[in-house]
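Using only what follows, build the 3D model:
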Amino acid sequence: MAIEFTIYGRPGCHLCDVLTADLAALLEGMDPVVVRHVNIDGVPDLVARYALRIPVLAVGEEELSEYRLDEPRVREFLARFVNEAG
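Numbers count the residues shown, from 1 in each chain. This is a model prediction of the structure:
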């Protein structure tokens, strides 16, 4: 079963680019992992939820990071996922 990370952000968002690069480095060599980018602009519910906090990294409804990658929290999530899957 693949882990699907979602990054909520906007085009041209420097912090979104940094979080994406940091996440890619952390996940390098992991399989199967999917990283999906969601542009919050034009989606009122997403703007209301995330506008002042982008980028936000989530898996399903669980938010793992906002602004910068919270590497310890993502590592904790990955360990939990492996334990639950194994």
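
wait, what's in contact with residue 2?
For residue 2, the contacting residues are 32, 33, 34, by C-beta atoms under 8 Å, 6 or more residues apart in numbering. The C-beta positions use only the backbone N, C-alpha and C, and glycine is treated the same way.

The second one: neighbouring residues, count only.
When you say that, I think you mean residue 33. 16 (other C-beta atoms under 10 Å).

now it, which residues is it bridged with?
residue 3 (DSSP bridges).

And it, how close does it get to residue 12?
As for residue 33, its distance to residue 12 is 25 Å (criterion: C-beta to C-beta, to the nearest Å).

what does residue 34 give?
23 Å.

what's the answer for residue 36, then?
18 Å.

of these two, who's got more company?
The residue with more neighbours, out of residue 36 and residue 12, is residue 36; 10 against 7, by other C-beta under 10 Å.
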